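Peer 1: The amino acid sequence is not available; the structure is as follows:
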């Protein structure tokens, strides 16, 4: 089936693969963009994911100040100093800092959430589901969905990106990493709000 060039280019930009690979993936998915992207991810064809194994120790510490009331410091790493000094990388760091100011995440990713906090939330959701009279065989599935949603709201990379809520911050980072052809890692952040007590 014929796939239009704009869709091919979009998939190419998002994944960092060549036009031929992008076209082939779309043809195999009968023109379904999301299906083609999911298949490429399954096969590990996206360059950003391949590069994820490379060490990212360069980068920058970005700042964002909102009306002198909210301040953010964020460390974003990449592989090379050359990329760290580029416009795309600087724009990404600014976007991430601005998102942190707006959405107030607590953690970079689920991997940072202490095990005891995860267990505590799980116990609370199990207790609530049981109290609500949910069938015992369904409780685990219900709780799993609730936990995923609960921590997605608190983890930076899983939050809907403020400038484009159709994608997560993690997706935005991957897209930009593919454009730069580098592994990019959001390492850590600090958010201060005026008058907020820790």
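Peer 2: Yep, that arrived. All values derive from a computational prediction rather than experimental measurement.

Peer 1: and stretch 150-160, how far out from the chain's middle?
Peer 2: On the basis of C-alpha atoms, centre = their mean, to the nearest Å, stretch 150-160 sits 9 Å off its chain's mean C-alpha point.

Peer 1: Name the residues that touch it?
Peer 2: In this structure, residues lying in contact with stretch 150-160 by C-beta atoms under 8 Å, 6 or more residues apart in numbering are 96, 99-100, 103, 105-110, 112-113, 118, 121, 125, 166-170, 173, 186, 189. For every residue, glycine as well, the C-beta is placed using N, CA and C.

Peer 1: just the buried members of these?
Peer 2: 96, 99-100, 103, 105, 107-108, 113, 121, 125, 168-170, 173, 186, 189 (16 or more other C-beta atoms under 10 Å).

Peer 1: Which ones among the contacts of stretch 150-160 map onto strands?
Peer 2: Cross-referencing those against strands under DSSP state E gives 166-168, 186, 189.

Peer 1: Next up, the contacts around the closest residue to residue 81 other than its chain neighbours.
Peer 2: Nearest in space to residue 81, with sequence neighbours left out and distances taken as C-beta to C-beta, 6 or more residues apart in numbering, is residue 58 at 5.0 Å. Residue 58 makes contacts with 77-81, 83-84, as judged by C-beta under 8 Å, 6+ apart.

Peer 1: Report the beta-bridge partners for residue 58.
Peer 2: When bridges are called by DSSP bridges, residue 58 pairs up with residue 78.

Peer 1: contacts for stretch 72-86?
Peer 2: 51, 54-65, 89, 92-93, 96-98, 100-101, 177, 180, 182-192.

Peer 1: I'd like to know which of those are buried.
Peer 2: 51, 56, 58-60, 62, 64, 89, 92-93, 96-98, 100-101, 177, 180, 182-186, 189, 191.

Peer 1: Got a quick PyMOL command for the buried subset of the contacts of residue 58?
Peer 2: Those of these that count as buried under 16+ other C-beta under 10 Å are selected in PyMOL with:
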select buried, resi 77+78+79+80+83+84
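
Peer 1: Output the ones in strands among the contacts of stretch 150-160 as JSON lines; include the columns distance to residue 196 and pLDDT.
Peer 2: JSON lines is the format used below for those (distance: C-beta to C-beta, whole Å; pLDDT from 0 to 100):
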{"residue": "166", "distance to residue 196": "30", "pLDDT": "93"}
{"residue": "167", "distance to residue 196": "28", "pLDDT": "94"}
{"residue": "168", "distance to residue 196": "25", "pLDDT": "94"}
{"residue": "186", "distance to residue 196": "22", "pLDDT": "94"}
{"residue": "189", "distance to residue 196": "15", "pLDDT": "95"}
